[in-house]
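Trainee: Fold the following and give me the result.
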Amino acid sequence: MIPPGFIQDLLSRADIVDVVGRHVQLKKAGINHKGLCPFHGEKSPSFIVSPSRQTYHCFGCGAHGNAVGFLMEHAGLSFPDAVRELAQQYGLAVPEDDTSPAERERAAAQKQRQATLTDVLTRASEHYRKELRGSPRAIDYLKRRGLTGEIAARFGLGYAPDGWRSLASAFPRYDDPLLEESGLVIAKAAEDGNEADTKRYDRFRDRIMFPIRSVQGEVIGFGGRVIDQGEPKYLNSPETPVFSKGRELYGLYEGRSAIRQRGYALVVEGYMDVVALAQSGFGNAVATLGTACTAEHVQKLFRFTESVVFSFDGDAAGRRAAGRALEASLPHAGDTRTVRFLFLPPEHDPDSYVREFGAEAFERCVAEAVPLSRQLIEAARSDVDTATAEGRARFVVQARPLWSALPEGMLKRQLLGQIASVAALPVDELAAAWQTRAAAPARPALPRTRAPVARRQMPRQPEDRALWALLLESGWWAQLGAEDHETLCALEGWHGEVFRLIDRLSVDEGALPWAALRERVATEEWGPRAVALVDGEDPAIEPSIDDLRASLAQLRKSAALLESMRILGRR
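Mentor: Residues are numbered from 1 along each chain as shown. All right, here's what the predicted structure looks like:
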């Protein structure tokens with residue numbers, strides 16, 4: 001666990017304009033900076049970065065957060081990884097307060113081992129790219145598939161020659177254990193156990209090579225496709241310390257920007273589909289790595305978008321794959337997230353469909369994709385005759401585990417009514433049978449990328465305005481007099497508690513930017529109220545010390561009036 005105090009210190013040192021400016025072109029706009037939002041496609045800039053608050057806010061899609069949150073959203077990092085990334089930018093070492101020295105040593109060794117493996121895989125990737133440039137046969141294959149040199153370079157495509165030990169020319173030692181550990185070389189021990197007689201040979205031979213990258217851009221594995229006939233058509237790297245098929249997605253690193261611009265991620269089944277779709281303008285495509293879609297895949301995608309479209313062949317295998325994707329998606333679906341299912345004709349995959357009918361036709365297919373709610377109903381009623389009581393009963397039995405996997409929310413409550421309708425049951429009766437509470441259907445939620453974000457006015461009550469100003473500009477506390485401090489700290493309820501905390505922090509730590517103070521405030525019982533007070537206001541409005549003083553004057557007047565009423569009451 002990373003100590004909260006370190007996170008506060010890190011956010012105090014970080015400059016969010018510098019952090020965001022490395023990824024977004026910003027222009028000065030008054031006291032703030034402005035640019036095109038990296039989280040949804042837009043032509044007019046509505047993305048504001050506030051140096052005084054050390055936060056970012058988009059009026060188009062509602063994205064909001066501090067420097068750590070930006071790295072999490074933009075790079076798809078976990079919270080600990082985002083903190084480490086930001087700390088590295090500012091030359092700070094991240095302390096781990098709940099690990100022993102031995103555990104930290106093991107973690108450091110593991111990190112070094114992973115870095116070494118990615119170095120080996122990167123060198124192999126460069127070797128395969130060089131071999132592709134020297135193979136007319138491999139180049140001709142890619143041209144026949146309609147790929148250009150530009151798209152091949154973008155995805156780092158390469159070629160593994162038809163030889164048993166081609167990697168021997170790329171590494172000083174072919175018997176280096178790292179080649180085996182990274183999955184590049186297969187080693188078969190001799191029957192007599194003699195290490196000298198161990199047979200080693202390349203895992204990938206005579207295949208087009210697709211480097212698989214992590215979301216940070218490191219090569220962590222490979223997918224290899226046969227050029228002519230052969231089995232298996234696709235061969236993937238084995239599980240290694242840096243590569244897990246159940247967690248990684250091919251093309252996610254290359255497609256992050258396109259996913260945000262288009263507003264959805266398109267999940268397909270093959271590497272070639274991803275590359276070909278990118279060339280046709282669908283750079284938002286990704287693929288699972290020779291395995292069924294998992295909940296971790298879906299969770300990773302929802303770091304980059306709130307809309308996912310699965311594309312499958314319309315045959316039986318495609319329907320089975322859709323069923324597994326549905327089950328993986330259910331725990332992560334919700335009121336602001338959309339999951340849809342696109343089924344192409346059995347004779348087509350996305351690559352062939354786009355080449356035959358064009359990008360616009362494929363875009364129409366995406367627009368007509370089946371929503372998760374309808375796919376859930378169809379999955380539950382498969383092989384069921386809902387015209388009979390027996391069939392409807394079986395439908396209810398098959399629907400329940402799918403419905404139960406959904407998170408609580410309006411989508412789940414609406415689906416209860418749809419399931420009851422198909423089952424020809426009153427919704428209250430089905431709710432009672434499933435021991436849940438029925439509720440009236442709610443209006444469908446709009447996607448985040450299109451949701452209007454209302455601009456609110458400044459807080460109306462003087463205690464709210466004073467607190468709002470001092471949370472954003474805690475340095476003003478030192479400019480107030482003792483009478484002002486007493487007035488604010490004497491307020492009843494949670495407002496007084498916040499002001500008393502600000503008073504303590506001003507002595508112990510001095511002025512803190514809101515991004516750092518927010519982390520400290522959020523740990524208190526009343527923290528959500530204080531955070532909501534600031535985060536709920538228009539970030540384009542900056543507090544002024546004159547307004548703070550005016551609010552204080554109102555509070556003193558109210559306090560004096562209350563005191564007079566108490567005195568009169570005692571008389």
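Trainee: how about low-confidence regions in the stretch 401-550 of the chain?
Mentor: Flagging of the stretch 401-550 of the chain using pLDDT under 70 yields the residue ranges 436-460, 507-509, 537-540.
Trainee: longest helix of the protein?
Mentor: Across the chain, the longest stretch assigned as helix under DSSP state H is helix 101-133.
Trainee: C-terminal to that one, what's the next element?
Mentor: Scanning forward in sequence from helix 101-133, with DSSP states H and E defining helices and strands, the next element found is helix 136-144.
Trainee: Averaged pLDDT, that next one. What do you get?
Mentor: The pLDDT scores in helix 136-144 average 95.
Trainee: hmm, who's touching it?
Mentor: Where contact means Cβ atoms under 8 Å, 6 or more residues apart in numbering, the residues beyond helix 136-144 that reach it are Glu131, Leu132, Arg133, Ala152, Leu157, Tyr159, Ile208, Ile227. From N, CA and C alone the C-beta is placed, and that goes for glycine too.
Trainee: elements contacting the longest helix of the chain?
Mentor: For helix 101-133, the helices and strands in contact under the criterion 3 or more Cβ pairs under 8 Å, 6 or more residues apart in numbering; DSSP states H and E are helix 136-144, strand 158-160, helix 177-181, strand 207-213, strand 219-226.
Trainee: In that helix, which residues are buried?
Mentor: By 16 or more other Cβ atoms under 10 Å, the buried positions in helix 101-133 come out as 114, 117-118, 120-125, 127-129, 131-132.
Trainee: hang on, the earlier thing: in TSV: the helices and strands packed on helix 101-133, plus distance to Ala322 and mean neighbour count.
Mentor: What follows is those, written out as TSV (distance: least, Cβ to Cβ, whole Å; neighbours: other Cβ atoms under 10 Å):
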stretch	distance to Ala322	mean neighbour count
helix 136-144	30	14
strand 158-160	32	26
helix 177-181	36	16
strand 207-213	24	26
strand 219-226	22	23
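Trainee: quick one, which of those is nearest to Val531?
Mentor: Val531 lies closest, by Cβ to Cβ, to one member of the helices and strands packed on helix 101-133: strand 207-213, at 36.0 Å.
Trainee: gap between the closest one and the chain center?
Mentor: Strand 207-213 has its C-alpha centroid displaced from the chain centroid by 24 Å (Cα atoms, centre = their mean, to the nearest Å).
Trainee: Next: stretch 206-215.
Mentor: Centre to centre, stretch against its chain (Cα atoms, centre = their mean), the figure for stretch 206-215 is 22 Å.
Trainee: again, but for stretch 520-534
Mentor: For stretch 520-534 - counting by Cα atoms, centre = their mean - the centre lies 25 Å from the chain centre.
Trainee: Stretch 402-412 too?
Mentor: On the basis of Cα atoms, centre = their mean, stretch 402-412 sits 21 Å off its chain's mean C-alpha point.
Trainee: next one: stretch 407-416
Mentor: Worked out by Cα atoms, centre = their mean, stretch 407-416 lies 23 Å from the chain centre.
Trainee: same deal with stretch 137-145?
Mentor: So, by Cα atoms, centre = their mean, the centroid of stretch 137-145 is 35 Å from its chain's centroid.
Trainee: Skipping its backbone neighbours, what lies nearest the residue most central in space within the chain in space?
Mentor: Ranked by distance to the mean C-alpha position of the chain (Cα atoms, centre = their mean), the top residue is Arg303 at 1.0 Å. Nearest non-adjacent residue to Arg303, counting by Cβ to Cβ, 6 or more residues apart in numbering: Gly76, 4.4 Å away.
Trainee: got the phi/psi numbers for the one you found?
Mentor: Gly76 adopts backbone torsions of phi 70, psi 30, taken as degrees, to the nearest 10.
Trainee: Which pLDDT value goes with the residue nearest to the centre of the chain?
Mentor: As predicted, Arg303 sits at a pLDDT of 75.
Trainee: Please apply the same query to the one 3 residues further on.
Mentor: Confidence at Glu306, expressed as pLDDT, is 83.
Trainee: I figured it hits Ala333, correct?
Mentor: No: at 10.4 Å, Glu306 does not count as touching Ala333 under the criterion of Cβ atoms under 8 Å.
Trainee: Now do the contacts for Pro513.
Mentor: For Pro513, the set of contacting residues under the criterion of Cβ under 8 Å, 6+ apart consists of Leu11, Ser12, Ser52, Arg53, Gln54.
Trainee: Serialize those residues to JSON lines and add fields for neighbour count.
Mentor: Rendered in JSON lines, the data for the contacts of Pro513 read as follows (neighbours: other Cβ atoms under 10 Å):
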{"residue": "Leu11", "neighbour count": "24"}
{"residue": "Ser12", "neighbour count": "17"}
{"residue": "Ser52", "neighbour count": "14"}
{"residue": "Arg53", "neighbour count": "25"}
{"residue": "Gln54", "neighbour count": "24"}
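Trainee: so where is the chain shaky, pLDDT-wise?
Mentor: For the chain, the stretches flagged by pLDDT under 70 are 1, 96-100, 103-104, 107-108, 191-196, 436-460, 507-509, 537-540, 560-571.
Trainee: and if we set it to 50?
Mentor: The chain contains residues with pLDDT under 50 at 437-458.
Trainee: Starting from Val19, give me the distance back to Phe304.
Mentor: Relative to Val19, Phe304 is positioned 18 Å away (Cβ to Cβ, to the nearest Å).
Trainee: no no, Phe6
Mentor: 17 Å.
Trainee: just Ile31 next, same as before
Mentor: 18 Å.
Trainee: Do a quick rundown of the helices in the stretch 401-550 of the chain.
Mentor: 410-422, 427-433, 462-472, 482-489, 493-508, 514-521, 527-535, 545-570 (DSSP state H, counting those that start in this stretch).
Trainee: Could you export these to CSV, including columns for distance to Gln88 and mean neighbour count?
Mentor: CSV is the format used below for those (distance: least, Cβ to Cβ, whole Å; neighbours: other Cβ under 10 Å):
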stretch, distance to Gln88, mean neighbour count
helix 410-422, 39, 19
helix 427-433, 51, 15
helix 462-472, 28, 22
helix 482-489, 39, 16
helix 493-508, 27, 16
helix 514-521, 18, 23
helix 527-535, 27, 17
helix 545-570, 36, 13
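Trainee: Can I get the ones you listed in JSON lines including distance to Thr148?
Mentor: As requested, the helices of the stretch 401-550 of the chain are arranged in JSON lines below (distance: least, Cβ to Cβ, whole Å):
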{"stretch": "helix 410-422", "distance to Thr148": "42"}
{"stretch": "helix 427-433", "distance to Thr148": "55"}
{"stretch": "helix 462-472", "distance to Thr148": "51"}
{"stretch": "helix 482-489", "distance to Thr148": "65"}
{"stretch": "helix 493-508", "distance to Thr148": "58"}
{"stretch": "helix 514-521", "distance to Thr148": "44"}
{"stretch": "helix 527-535", "distance to Thr148": "46"}
{"stretch": "helix 545-570", "distance to Thr148": "59"}
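Trainee: pretty sure Pro331 contacts Ala295?
Mentor: Yes: applying Cβ under 8 Å, one finds Pro331 in contact with Ala295, separated by 6.0 Å.
Trainee: does Val219 have beta-bridge partners, and which?
Mentor: Listed by DSSP bridges, the beta-bridge partners for Val219 are Arg213.
Trainee: nearest to Thr523, of the contacts of Pro513?
Mentor: The shortest gap between Thr523 and any of the contacts of Pro513 belongs to Leu11, at 14.0 Å (Cβ to Cβ).
Trainee: hang on, that closest one is in a strand, isn't it?
Mentor: No: assessed with DSSP: H, G, I helix; E, B strand; the rest coil, Leu11 is helix; it does not lie in a strand.
Trainee: quick one: contacts for it?
Mentor: When the contact criterion is Cβ under 8 Å, 6+ apart, the partners of Leu11 are Gln54, Asn66, Ala67, Val68, Pro513, Ala515, Ala516, Glu519.
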